[in-house]
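Engineer: need a 3D model of the following:
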Amino acid sequence: MTVAATETLQTGNTQEVVTTFASYGSTWALYIALVILMVAIIWYAIRKWHFSIKWLVASIIFAGALTPGHPVDYAETYSPLVLNSVVLLFDGDTAGFLAGVKTIVWVFIAIFAVGLGTWFGFKFWQNKQAQSGNKPAHQNAAAKPSEKKMATPVEPTLGDDSSDTSDKTDKA
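Structural biologist: Residues are numbered from 1 along each chain as shown. Purely as a prediction, here's the structure:
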């Protein structure tokens with residue numbers, strides 16, 4: 001049962017308002033967008049690090065923030081499992097807390113493995129393309145400027161004032 005935010009409630013329906021609300025989908029969409037924005041900002045801050053370390057940090061954040069779980073057994077909706085697990089820990093349910101942490105760790109391992117596998121696959125494909133002579137487009141673009149014939153720069157020397165002295169002698 002979904003209840004509008006402005007509707008008055010009777011005492012028996014209070015628990016349903018806690019577990020469901022009108023803008024549930026848009027709240028999750030906003031939450032996911034903010035998690036992705038946070039990961040993008042962190043990725044930018046550590047952009048010079050190796051990919052595997054950046055992906056480790058991103059995978060930990062994605063697994064911790066985006067793994068869903070039911071806040072209570074009778075709820076129809078989901079919330080981030082890390083929050084549910086912390087609440088269970090504060091309530092004294094260490095078994096529930098450890099079950100939530102175990103789920104988050106498995107999700108992290110899956111995300112990290114898929115990301116690294118994709119990265120290594122892409123690197124393998126790039127090397128295979130380079131060996132076969134079919135360079136990817138970004139390598140062809142980088143190679144073209146080096147093929148251009150450019151003039152050799154001439155550096156001036158200290159005693160090279162012949163143009164200034166000839167102008168002075170012509171005026172006199």
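Engineer: please enumerate the helices of this protein.
Structural biologist: Ranges of helices in the chain, per DSSP state H, are 14-19, 24-45, 51-66, 81-90, 94-132, 137-147, 162-171.
Engineer: could you dump the ones you listed to a markdown table with mean neighbour count and distance to residue 73?
Structural biologist: The way it works is simple: take the backbone N, C-alpha and C, and place the C-beta from them, glycine included. Below are the helices of the chain laid out as a markdown table (neighbours: other Cβ atoms under 10 Å; distance: least, Cβ to Cβ, whole Å):
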| stretch | mean neighbour count | distance to residue 73 |
| --- | --- | --- |
| helix 14-19 | 13 | 11 |
| helix 24-45 | 12 | 18 |
| helix 51-66 | 17 | 22 |
| helix 81-90 | 17 | 11 |
| helix 94-132 | 13 | 10 |
| helix 137-147 | 9 | 52 |
| helix 162-171 | 8 | 91 |
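Engineer: now for these, which one comes closest to residue 74?
Structural biologist: Nearest to residue 74, of all the helices of the chain, is helix 14-19, at 7.6 Å by Cβ to Cβ.
Engineer: which stretch in the helices of the chain has the least confidence?
Structural biologist: When those are compared by mean pLDDT, helix 14-19 comes last with a mean of 50.
Engineer: before we move on, the earlier item: need the helices of the chain in a markdown table with distance to residue 154, can you?
Structural biologist: Below are these laid out as a markdown table (distance: least, Cβ to Cβ, whole Å):
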| stretch | distance to residue 154 |
| --- | --- |
| helix 14-19 | 78 |
| helix 24-45 | 42 |
| helix 51-66 | 43 |
| helix 81-90 | 65 |
| helix 94-132 | 37 |
| helix 137-147 | 21 |
| helix 162-171 | 14 |
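Engineer: between the ones you listed, which gets nearest to residue 75?
Structural biologist: Evaluated over those, closeness to residue 75 peaks at helix 14-19, with 4.2 Å, by Cβ to Cβ.
Engineer: how much space separates residue 125 from residue 118?
Structural biologist: Look at residue 125 and residue 118: by Cβ to Cβ, to the nearest Å, they are 10 Å apart.
Engineer: what does residue 108 give?
Structural biologist: According to Cβ to Cβ, residue 108 stands 16 Å off from residue 118.
Engineer: alpha carbons only: can I get stretch 70-79 in PDB?
Structural biologist: Once non-C-alpha atoms are left out, stretch 70-79 reads as follows in PDB (Å, rounded to 0.1, in the frame of the first residue of the first chain):
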ATOM      1  CA  HIS A  70      15.300  -5.300   2.900                       C
ATOM      2  CA  PRO A  71      15.300  -3.000   5.900                       C
ATOM      3  CA  VAL A  72      13.000  -5.400   7.800                       C
ATOM      4  CA  ASP A  73      11.600  -8.900   7.000                       C
ATOM      5  CA  TYR A  74       8.100  -7.700   6.200                       C
ATOM      6  CA  ALA A  75       9.200  -4.700   4.000                       C
ATOM      7  CA  GLU A  76       8.300  -4.500   0.300                       C
ATOM      8  CA  THR A  77      11.100  -2.000  -0.400                       C
ATOM      9  CA  TYR A  78      14.800  -2.000  -0.400                       C
ATOM     10  CA  SER A  79      17.500   0.200   1.100                       C
END
